[in-house]
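> coordinates only, sequence not included:
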């Protein structure tokens, strides 16, 4: 046992919840933001404002054309895996090999891709670190071991995770069949939680074709998480944290949620409030591209999607009976209140109650540097 401990220490393999649940998870969120979310933002901005170089298809792979944003999203698995390897202090040969592992794992994991990448990349990284520089042919052994372990694990682990993510999506779809009040609560809470978890809420909404009132509830839940976390953590993270969470992703808070799950109470309760307001009071519908239902305020993609749905509904929305409308004051008021104002007001108030109850303490919401 002592020999094993000495070997792990020499290889910088630290089997701890902090290393995997905080360091690796936080890095993965940054990798996801720099690829999938940035890609979606670029695509949305390009299409909405008719920016030629952002809408031009620069490369074709298997007869599918990709824009700049499309290529960024296409490489999200690789970006996440490399980010995880970096957080685990992987040596160069291991780190570079993780690009292939992450890409394959994300593809096999589908909507559950990010979670699959997290598990597989950790395993591949630690196995790669274990053999790194142990042989005279390290340039062959290390990348081969990292790649084979990673691809093999992805082949076994990723499809079941995809099935779990699909079942989660099915739960959301069944929720849309309920009356608007309950549906508003369930969809808002579930999609909002998915946005913050290391699974892709955008992918789930896209696979389900989540439009209409259900899409509006999903937007409400995502905004409650993103704007809620951004505003209620302002004292810890300042303007940088406000922008990175409010226009980026609330997934950045996952390491803090692992440390103290109670910081999740305020955004989740907020989504349970704004969801039914969106469906019952404002009749807020997302009839743009379904992927925008799971984007919230990330690059304002959720809001741009709602606006697009008003003036030119997507094919999925049209198939579900949507029609173009001239938005009135109530429509704009609903979009602004649900997306920004109510989360910015309600979430900090609930969090303040949690602070007074001793559930949330100063520093619990501080983002990693």
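The structure has been received and is ready for your questions. All of these numbers come straight from a predicted model, not from anything done at the bench. Residues are numbered from 1 along each chain as shown.

> going forward, measure contacts and count neighbours with C-alpha atoms only.
Noted.

> just the helices from the stretch 1-150 of the chain, written as ranges.
All helices of the stretch 1-150 of the chain, identified by DSSP state H, counting those that start in this stretch, fall at 2-10, 17, 25-32, 38-48, 52-55, 68-74, 76-87, 92-109, 113-131, 138-175.

> looking at these, which is nearest to residue 295?
helix 38-48 (8.8 Å; Cα to Cα).

> which residues of the protein score low on pLDDT?
Applying pLDDT under 70 to the chain flags residues 111, 169-170, 173, 200, 207, 369.

> most remote residue from it's center?
Relative to the centre of the chain, the most outlying C-alpha is that of residue 136, 41.0 Å out, by Cα atoms, centre = their mean.

> what about residue 319, distance to residue 209?
Using Cα to Cα, to the nearest Å, residue 319 is found at 10 Å from residue 209.

> higher neighbour count, the two?
residue 209 (20 against 10; other Cα atoms under 10 Å).

> so the more buried one touches residue 290, yeah?
Yes - at 5.2 Å, residue 209 and residue 290 qualify as touching, with contact defined as Cα atoms under 8 Å.

> residues shared between the contacts of these two?
When contacts are counted by Cα atoms under 8 Å, 6 or more residues apart in numbering, residue 209 and residue 290 have residue 316 as shared neighbours.

> what about the residue nearest to residue 165 when sequence neighbours are not counted, how many residues nearby?
Leaving aside its sequence neighbours, residue 165 sits nearest to residue 112 (Cα to Cα, 6 or more residues apart in numbering; 5.1 Å). The number of residues packed near residue 112 is 28, by other Cα under 10 Å.

> tell me the contacts of residue 112?
So residue 112 contacts 106, 158, 161, 162, 163, 164, 165, 166, 199, 200 (Cα under 8 Å, 6+ apart).

> show the buried residues in these.
Listed as buried from those are 106, 158, 161, 162, 165, 166, 199, 200; burial here means 16 or more other Cα atoms under 10 Å.

> please tell me how far the fourth one sits from residue 102.
When distances are taken as Cα to Cα, residue 162 and residue 102 turn out to be 15 Å apart.

> which ones are touching residue 34?
72, 76, 79.

> could I get the contacts of residue 112 as JSON lines with distance to residue 365?
As requested, the contacts of residue 112 are exported to JSON lines (distance: Cα to Cα, whole Å):
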{"residue": "106", "distance to residue 365": "29"}
{"residue": "158", "distance to residue 365": "31"}
{"residue": "161", "distance to residue 365": "29"}
{"residue": "162", "distance to residue 365": "30"}
{"residue": "163", "distance to residue 365": "32"}
{"residue": "164", "distance to residue 365": "29"}
{"residue": "165", "distance to residue 365": "27"}
{"residue": "166", "distance to residue 365": "31"}
{"residue": "199", "distance to residue 365": "21"}
{"residue": "200", "distance to residue 365": "22"}
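
> which non-adjacent residue is nearest residue 342?
residue 274 (7.3 Å).

> contacts for the strand or helix carrying that neighbour?
Here residue 274, judged by DSSP states H and E, is contained in helix 265-276. Outside helix 265-276, the residues that touch it by Cα under 8 Å, 6+ apart are 180-189, 192-193, 216-218, 220-225, 228-229, 338, 342-343, 346-348, 350-351, 354.

> so which of those belong to helices?
180-189, 192-193, 216-218, 220-225, 228-229, 342-343, 346-348, 350-351, 354 (DSSP state H).

> what is the burial count for residue 364?
18.

> residues near the closest residue to it other than its chain neighbours, how many?
The spatially closest residue to residue 364, leaving aside those adjacent along the chain, is residue 256, at 6.4 Å (Cα to Cα, 6+ apart). When neighbours are defined as other Cα under 10 Å, residue 256 has 22 of them.

> swap in residue 317?
23.

> got it, and residue 179?
For residue 179, using other Cα under 10 Å, the count is 11.

> same check on residue 332?
For residue 332, the count of nearby residues is 14 (other Cα under 10 Å).

> helix, strand or coil for it?
helix (DSSP: H, G, I helix; E, B strand; the rest coil).

> next one: residue 35 relative to residue 347, how far apart?
28 Å.

> likewise for residue 126?
39 Å.

> quick one on the thing from earlier: out of the helices of the stretch 1-150 of the chain, deepest packed?
The highest mean neighbour count among the helices of the stretch 1-150 of the chain, using mean count of other Cα atoms under 10 Å, belongs to helix 76-87: a mean of 28.

> counting contacts, what elements does that one pack onto?
helix 25-32, helix 92-109, helix 113-131 (3 or more Cα pairs under 8 Å, 6 or more residues apart in numbering; DSSP states H and E).

> how about 6 Å then?
helix 25-32, helix 92-109 (3 or more Cα pairs under 6 Å, 6 or more residues apart in numbering; DSSP states H and E).

> including distance to residue 278, could the ones you listed go into CSV?
Converted to CSV, the helices and strands packed on helix 76-87 look like this (distance: least, Cα to Cα, whole Å):
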stretch, distance to residue 278
helix 25-32, 28
helix 92-109, 31
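
> I'd like the helices of the stretch 1-150 of the chain written out as CSV, with distance to residue 306 added.
Below are the helices of the stretch 1-150 of the chain laid out as CSV (distance: least, Cα to Cα, whole Å):
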stretch, distance to residue 306
helix 2-10, 51
helix 17, 40
helix 25-32, 23
helix 38-48, 12
helix 52-55, 20
helix 68-74, 20
helix 76-87, 25
helix 92-109, 28
helix 113-131, 26
helix 138-175, 19
